[in-house]
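>>> Whatever this is, show me its structure:
(one chain, ligands or ions: 1)
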Amino acid sequence: MPTGSEEIVVSNLTKHYKALRAVDNLSFIVHSGRVTGFLGPNGAGKTTTLRMILGLVTPTSGTATFAGVRYVDLDQPIRHVGAVLEASSAHKGRSGINHLRMICAAAGLPRQAADEALARVGLTPAAKRKFKGYSLGMKQRLGIAAALLGNPRVLILDEPANGLDPEGIRWLRDLLKALAAEGRTVLVSSHLLSEMQQLADDVVIIAAGQLVRQGPVGEVLGSMTGGGQVRVRTPQTAALTAALAAEQLSATTLPDEALLVSGADAARVGHIAFTAGVELHELTGERADLEQVFLQLTAGKAGIR
Ligand SMILES: Nc1ncnc2c1ncn2[C@@H]1O[C@H](COP(=O)(O)OP(=O)(O)OP(=O)(O)O)[C@@H](O)[C@H]1O
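Take a look at the predicted model:
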């Protein structure tokens, strides 16, 4: 079990490759006890940012710290931060458990940590099978097991949902949520937006190396859609339409005679109806999905470099 919380603070982080600003004055905080999704279109700068956070790429300027300490200054980093940067690789003929035991031996961790990490990712039944026989999903699990060996307070995963089937995604969601519930800080990058919507509590969205938006998933969605759309049915259509208009809300009539109200959530529409004495037979909030939000937020920035 990790002790203490450990936020990741990214502060004015910048990386230039010649004229290209791969990461451009980026600042955000990743909170402990939550799963944070790091989203951006291809080339947005996600991997470069993660590599700077992990001390693998030297920033042009700015810092990334764990409870105030840069990765390179951490004492025994494997016990602080676990990371999976690309699909796990291991010697083809080596078993999963032996792969983990070798990492333990090299890092001075107890051998038992390998068994515990393998169990945590549900690979115990395949412990002695050779890596070359592992499916992509099993390889992803083994990579996460390797990241968990030092019982780190922070977990950083680059595209962990890649190649997982829906059942694998559900498994990943449950694991990440459980790790966060233990107080760990979990940062997960992805371009799989609908899956991020399931996986993450918070999102940090970047495009062209710059921060576009950060916050709880629900707030980011709500702020983009102005509260989304609400489907409502009433026998008093004219009265409800008038009450909505008085609040500067417009409603369109759907083919099944229900009304679709934009720019308000279900609670607001329900309140307006109640105040106007209008009877409702249906009231359903329809939230935009992250894919739509993401496209709106990054429109014009994606693909310009
Ligand atoms: N070592 C490097 N030298 C030059 N340019 C680089 C280098 N590493 C990354 N870049 C460029 O920096 C930009 C950001 O790349 P990065 O891999 O961080 O994006 P990403 O968001 O992870 O994208 P993807 O989802 O495609 O992996 C890209 O334009 C990339 O070509």
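
>>> Ala276: neighbour count?
As a burial measure, the neighbour count of Ala276 was computed by other CB atoms under 10 Å and equals 15. Bear in mind the C-beta positions are built from the backbone N, C-alpha and C, glycine included.

>>> can you tell me which residues contact it?
Contacts were defined as CB atoms under 8 Å, 6 or more residues apart in numbering; by that measure Ala276 touches 239-240, 242-243.

>>> what would those look like in CSV with neighbour count, pLDDT and secondary structure?
Supplementary listing: the contacts of Ala276 in CSV, determined by neighbours: other CB atoms under 10 Å; pLDDT from 0 to 100; DSSP: H, G, I helix; E, B strand; the rest coil:
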residue, neighbour count, pLDDT, secondary structure
Ala239, 15, 96, helix
Leu240, 23, 96, helix
Ala242, 12, 95, helix
Ala243, 20, 96, helix
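
>>> Farthest-apart pair in those, please.
Farthest apart among the contacts of Ala276 by CB to CB are Leu240 and Ala242. That separation is 7.3 Å.

>>> for the ligand, what are the nearby residues on this protein?
Contacts of the chain with the ligand, taken as CB under 6 Å from any ligand atom, map to 17, 20, 22, 40, 42-48, 191, 305.

>>> ok, so of the contacts of Ala276, who is nearest the ligand?
Set against the ligand, the nearest of the contacts of Ala276 by CB to the nearest ligand atom is Leu240 (45.4 Å).

>>> So Asn12, which state does it fall into?
Counting by DSSP: H, G, I helix; E, B strand; the rest coil, the backbone at Asn12 sits in strand.

>>> Ala83 and Leu157 touch, don't they?
Yes: using CB atoms under 8 Å as the test, Ala83 is close enough to Leu157 to be in contact (7.3 Å).

>>> Spatially nearest residue to Ile78, not counting backbone neighbours?
Of all residues not flanking Ile78 in the chain, Gly150 sits nearest, at 3.8 Å (CB to CB, 6 or more residues apart in numbering).

>>> did I read that right, the one you found in a strand?
No: assigned with three-state DSSP, Gly150 falls outside any strand and is coil.

>>> By proximity to the ligand, which residue of the stretch 151-300 of the chain wins?
His191 (5.4 Å).

>>> Just the buried positions in stretch 135-155, please.
Of the residues in stretch 135-155, 137-155 count as buried by neighbour count, 16 or more other CB atoms under 10 Å.

>>> Gly277: neighbour count?
Other residues near Gly277 come to 9 when the count uses other CB under 10 Å.

>>> and it, what pLDDT?
The model reports Gly277 with a pLDDT of 96.

>>> Which helix or which strand is home to Thr48?
Thr48 belongs to helix 46-53 when elements are defined using DSSP states H and E.

>>> ok, residues contacting that helix?
Around helix 46-53, the neighbours that count as contacts under CB under 8 Å, 6+ apart are 8, 10, 13, 15, 22-23, 26, 38-40, 57-59, 64, 71, 83, 85, 156, 158, 187, 189, 206.

>>> make it 6 Å
Helix 46-53 is contacted by residues 13, 15, 22-23, 38, 40, 57, 59, 64, 156, 158, 189 when judged by CB atoms under 6 Å, 6 or more residues apart in numbering.
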